[in-house]
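sequence first, predicted model second:
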Amino acid sequence: MKIFGFLLAVLVLFCLGFTWRDVQNGQVPDTKPFAKMFGLKTETHISAEAEFKQAYNRILTSYYRKVKPLELKYAGMSGMMAALGDPHTMFLTPRIAKSFNIDTKANYVGVGARLSPDPLGAKVTQVFEDAPAFEAGLRRGDLIVGVNGKSVAGAKIDDIVEKIQGEEGTRVQISVLKSGKGKPVVLRSRRAHVVTPTVESAYFKDSKVGYILIASVSAPTAEQFDKELDKIERNEMKGLVIDVRGNPGGYLETATELLSRFRGDKVVVKMKLRDGKESYEYTPSGLEHKFTYPIVVLMNEDSASAAEIFAGCLHDYGVATLVGTHSYGKASVQEVFDFRDGSSGKITIARYYLPSTHDIGRKVDADGVYISGGLQPDVKVDFAETLPQELQKNAKPPASDLPDPSFDNQLAKAIQVVLTKAGAKRVSTKSPIPQAVAASSVSRIA
């Protein structure tokens, strides 16, 4: 028995000699040398998961300087999704995932203001109606230079927003420079649940044309669309312009809900899934609104995803005329899945096709320059950066950030198309009566 115990101990030590270094490095022991010595066949296959973990552990233990495990994990997940070559499949860090959630759900805890970067801190481009920030005295054009007594000059806009947002019911101190005042004013605002306005409207009194801007296709967009439509229809209506320029899209379900206001029980998209199966999305019936006037949808290359579905279906149904430039051409559907640490992944699960227009998929060259795809406008109008010389003399700056046909040639053309279809005489299009302020593409919500 003693001899047997001795031999067993020697065998254990012998085996440890082959595997101890791997165990120390946090890796699965490599048994190939041991098996080779005794003439045994070895299994060369290793699962992708095990190999990935092995490389991850080797970097953590052997790289010449210390590496943060979280950063390495995020880099690995980002690289894995980027390797698919799909610009719409991506990994989102917790901060980006939070911002993405706010944009799509349009419901968050904050003070209710839209901010854009400024060297001194953050410029207020919009204060939401009835939001805590408005109650506290924050106004469009104000410059936020401090939060809770600390300067935010030179800080990133995302960091400033993070400082302003917080738990519901708590308060935040915002130091603000107001026009005409040399010293900052300290405003105290409560934090509360805020629903982001994704739809704004105006009524062009001279042309009697309504205008609705849809900034994104988010959770509350359909309800907000109904509210703004009701507001402008209190006036005499010769037509309606719906602006989805710069709209990055959002929820397919919301686009379907919006479309149900125009046509019920109609195909929205046909989706082709991984296994080759086809799935159809239909508008619900019984929600149609009675539109008695012509409609134009204004779009550009930054109109994408659910915004394209909305515009494309209205065109395919024969409801609207498309004006502007071609849309982006995002003919795919994504699914978002969350991780425990607040990060998330967004992966493409299907291709979609419109009722009549079919495939609008974007095609680019080797340099990523657009070749074809997207919705094509019925009336093409490129955006003019500057006014014609003969108009510059009498032009006055717009009163708000809301698009003004006096300065926006695409909007002016859209109104002209509406009036032509309505059989009305052409009239001048002066500044609108603003109902709200348009969102900035570089802004963040606080």
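Looks like it arrived, so ask away.

end-to-end on stretch 223-243?
17 Å (Cα to Cα, to the nearest Å).

the nearest residue to residue 373 once chain neighbours are set aside - how many residues pack around it?
Distance criterion Cβ to Cβ, 6 or more residues apart in numbering; nearest residue to residue 373, sequence neighbours excluded, is residue 329 at 3.2 Å. Where you see a C-beta, it was placed from the backbone N, CA and C, and this is true even at glycine. Neighbours of residue 329 under the rule other Cβ atoms under 10 Å: 21.

pLDDT weak spots in the protein?
Regions of the chain meeting the criterion pLDDT under 70 cover residues 1-44, 180, 385-401, 424-442.

apply 50 and report the result again.
425-441 (pLDDT under 50).

mind listing what the residue nearest to residue 379 when sequence neighbours are not counted touches?
Spatial nearest neighbour of residue 379, excluding adjacent residues (Cβ to Cβ, 6+ apart): residue 323 at 4.6 Å. Residues in contact with residue 323, defined by Cβ atoms under 8 Å, 6 or more residues apart in numbering, are 296, 297, 298, 299, 377, 378, 379, 381, 410, 413, 414, 417.

where's the third one, which helix or strand?
To tie it back to what came earlier, the one meant is residue 298. strand 295-299 (DSSP states H and E).

what is the subsequent helix or strand relative to that strand?
Sequence order places helix 306-316 as the next helix or strand after strand 295-299, per DSSP H and E.

in the sheet, who's paired with the nearest residue to residue 231 once chain neighbours are set aside?
In this structure, residue 231 finds its nearest non-sequential neighbour in residue 201, 5.9 Å apart by Cβ to Cβ, 6+ apart. Beta-bridge partners of residue 201, counted by DSSP bridges, are residue 212.

measure residue 201 to residue 90 for me?
Taking Cβ to Cβ, to the nearest Å as the measure, residue 201 falls 33 Å from residue 90.

now stretch 185-198: buried residues?
187, 189, 191, 192, 194, 195, 196, 197, 198 (16 or more other Cβ atoms under 10 Å).

neighbouring strands of the helix or strand harbouring the residue nearest to residue 379 in the sheet, and parallel or not?
Here residue 323, judged by DSSP H and E, is contained in strand 320-324. With DSSP bridges as the test, strand 320-324 is paired with strand 295-299 (parallel), strand 379-380 (parallel).

need the ones you listed in TSV with distance to residue 76 and mean neighbour count, can you?
Formatted as TSV, those follow (distance: least, Cβ to Cβ, whole Å; neighbours: other Cβ atoms under 10 Å):
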stretch	distance to residue 76	mean neighbour count
strand 295-299	38	27
strand 379-380	45	14
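
so can I have a markdown table of these showing distance to residue 82?
What follows is the strands paired with strand 320-324, written out as a markdown table (distance: least, Cβ to Cβ, whole Å):
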| stretch | distance to residue 82 |
| --- | --- |
| strand 295-299 | 29 |
| strand 379-380 | 34 |
